[in-house]
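*Asks:* here are the coordinates; sequence isn't available:
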């Protein structure tokens, strides 16, 4: 009752979506609440799948929940609150559902997997993310690897194109390898297990074809890209049975095709009666994730919203920018939730935006403006993101923002804008 009341108050006062506060209060009252909420009302285990990775958790979870809903009711954290409190809130809201699909922060996976006795773990990718808050990528790889090794009965859906993810799942006896792509290679230059160099082979489109470590593992095995059971490319989804299935997503970008492939593989691995074709239709229908990728009419501007939170995500999001739009607003904050160290701006390629009107915005807009200047991108600096949009000529505006900048902007456009693609 206390959790429900706090969630209601959070929504009514506009302080938030209520995805965290209820779980925080309920968890403080009953420290065993998560484990008590795991089973159904009769005490039976509910099929549970966790989704984790540096990028794509929310999108993949939304796709996976949609696919599973064709066969079962689903408890899920659609708002993206992926630590203990958010998981408790999702379980409270989904007390009557018979399947659990959750996105989980990487460092929270071991506790939540054990507490809920997770059946399936989806490993999307691992790359640097907010070093001042999260820590080095090797720390996360070690934590996830220990979790997988301690749960040999758990099925792992792993992206074999990602070196770090492959290391996590390498010794799992129940691993399903998916070639989901790996656009960002900045954290895959060395083997997580030996420190030896990684040699990668990519095709003309930049897609991973193979990779291997030059130094063998301590037991003498070669550490090399596993042969995938599932794969996805521009032609569609390729199944373990050898079927080629067209995949036409509403969401843009190669990364989302990879997310879709892992969501479909996980839906079938959960073994709750999901039909493959229905799963493909469900993931294809996803058009917005907590406002990401949504388009709203905001005054004289048609605004397309995108979120990016780390170098890999920014590089992917920049590739999705519609270069035929009239303007591009890039907004960067440096609050705790964003990571206060913005040195990663120099790892991202901001070049080649000569034919679009660019505005740098956000609390750390000046840092961004310096980076854009060195990239040779002509731009204006308007720190307030809403005013940056209003400063653009009337027409279509692409907006790319990091976490708190996106959150604050979305509150304004939700209040004053009009959705154009159903995307709230």
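*Replies:* Great, that's in hand. Predicted model, so just to flag it, every value in this text is computed and none were measured. Numbering: from 1, shown residues only.
*Asks:* switch to C-alpha atoms for all contacts and neighbour counts from now on
*Replies:* Noted.
*Asks:* ranges for the strands of the stretch 51-200 of the chain?
*Replies:* 74-76, 99-103, 120-123, 155-159, 175-179, 198-202 (DSSP state E, counting those that start in this stretch).
*Asks:* Return the angle between stretch directions for the fifth one and strand 155-159.
*Replies:* Just to be clear, that refers to strand 175-179. Angle, strand 175-179 to strand 155-159, by axes from the mean of the first three to the mean of the last three Cα atoms, to 10 degrees: 20 degrees.
*Asks:* Strand partners (parallel or antiparallel) of strand 175-179?
*Replies:* Within its sheet, strand 175-179 is paired with strand 155-159 (parallel), strand 230-233 (parallel), according to DSSP bridges.
*Asks:* cool, the last one as well?
*Replies:* Within its sheet, and counting by DSSP bridges, strand 198-202 is paired with strand 208-213 (antiparallel).
*Asks:* roughly how far is the strand it pairs with from the heart of the chain?
*Replies:* Remark: strand 208-213 is offset 23 Å from the chain centroid, using Cα atoms, centre = their mean, to the nearest Å.
*Asks:* ditto for stretch 23-36
*Replies:* The chain centre lies 26 Å from the centre of stretch 23-36; the measure is Cα atoms, centre = their mean.
*Asks:* got a list of contacts for stretch 222-241?
*Replies:* Residues outside stretch 222-241 that contact it (Cα atoms under 8 Å, 6 or more residues apart in numbering): 160-161, 163, 166, 176-180, 210-213, 215-217, 244-248, 257-258, 261, 265.
*Asks:* thinking again about what came up before, just send the strands paired with strand 175-179 back as JSON lines, with mean pLDDT and distance to residue 369 too.
*Replies:* Putting the strands paired with strand 175-179 into JSON lines (pLDDT from 0 to 100; distance: least, Cα to Cα, whole Å) gives the following:
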{"stretch": "strand 155-159", "mean pLDDT": "97", "distance to residue 369": "35"}
{"stretch": "strand 230-233", "mean pLDDT": "94", "distance to residue 369": "35"}
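*Asks:* Quick one: closest of those strands to residue 59.
*Replies:* Ranking the strands paired with strand 175-179 by proximity to residue 59 (Cα to Cα) places strand 155-159 first, at 15.5 Å.
*Asks:* Skipping adjacent residues, who's closest to the residue most central in space within the chain in space?
*Replies:* Nearest residue to the geometric centre of the chain (Cα atoms, centre = their mean): residue 56, 1.9 Å. Distance criterion Cα to Cα, 6 or more residues apart in numbering; nearest residue to residue 56, sequence neighbours excluded, is residue 259 at 6.7 Å.
*Asks:* Show the contacting residues for that neighbour.
*Replies:* Neighbour list for residue 259: 56, 59-60, 124, 180 [criterion: Cα under 8 Å, 6+ apart].
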